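Visitor: Any chance you can model this:
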Amino acid sequence: MLRNVNLKNKKALYNFIFIEKYIAGLKLLGHEVKSIKNNNANLNNSFCKVLKKEIFLFNFYIKPLSTFNNQNKNRKILLLLKKKEIIKISESVKKFSLNIVPEKIFLNKKGLIKLVIHLAKSKKKYDIRELIKKKEFEILSKRKSSSL
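Guide: Below is the predicted model of the structure:
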């Protein structure tokens, strides 16, 4: 019986332009897996960083289970990627000053928890303003067409 895990970083698409996509495994503890499968986690404000040829996920909030008392809610979590992918990501982060942004968490066919990360460039304020203008214009045009 596979549960539907639906954890998304909603602000990521709003604040970043995605360039390249990777799917990584997560090195988790047992109670963390239970919490994530129950959708008791939050990806908002989380980010990834390359440390000593490994990529870690920071600020990933996992709601603690009531049965465990000593839990670190915001510990750094190791991402499981191939060595070539880690080297490619770390080089592009250094060379082009890109960010590693976590987008969503899902269960694969085997029931393993996977994280979708993107190499991304942060949007400027004027890019965000243009996006808001376009959305408002689309909403207004829909309202006018439906009222006619």
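Visitor: what's the lowest-mean-pLDDT helix or strand in the chain packed up against?
Guide: Of all helical and strand segments in the chain, the minimum by mean pLDDT, DSSP states H and E falls on helix 125-147, at a mean of 82. Judged by 3 or more C-beta pairs under 8 Å, 6 or more residues apart in numbering; DSSP states H and E, the packing partners of helix 125-147 are helix 10-15. C-beta: built from backbone N, CA, C; applies to glycine.
Visitor: Enumerate the positions of the helix it packs on that are buried.
Guide: Ala12, Leu13 (16 or more other C-beta atoms under 10 Å).
Visitor: Need the contact partners of that helix.
Guide: Residues outside helix 10-15 that contact it (C-beta atoms under 8 Å, 6 or more residues apart in numbering): Asn44, Asn45, Val101, Pro102, Glu103, His118, Ala120, Ser122, Lys123, Ile128, Leu131.
Visitor: Average pLDDT for the helix or strand where the fourth one lies, rounded please.
Guide: By that I understand Pro102. Using DSSP states H and E, Pro102 sits in strand 99-107. Strand 99-107 shows a mean pLDDT of 94.
Visitor: after it, next one along is what?
Guide: Immediately after strand 99-107, counting by DSSP H and E, sits strand 113-122.
Visitor: Could you pull out the buried residues of that next one?
Guide: Ile113, Lys114, Leu115, Val116, Ile117, His118, Leu119, Ala120, Lys121.
Visitor: which residues touch the fifth one?
Guide: Okay, so that is Ile117. Ile117 neighbours (C-beta under 8 Å, 6+ apart): Lys21, Tyr22, Ile23, Ala24, Cys48, Leu79, Ile100, Val101, Pro102, Glu103.
Visitor: Now that we're looking at it, what pLDDT does it have?
Guide: 96.
Visitor: Tell me the span between the first and last residue of stretch 47-56.
Guide: By C-alpha to C-alpha, to the nearest Å, the extent of stretch 47-56 from end to end equals 8 Å.
Visitor: again with stretch 58-74
Guide: Stretch 58-74: ends 7 Å apart by C-alpha to C-alpha.
Visitor: cool, stretch 58-77 as well?
Guide: Across stretch 58-77, first to last residue, C-alpha to C-alpha, it's 7 Å.
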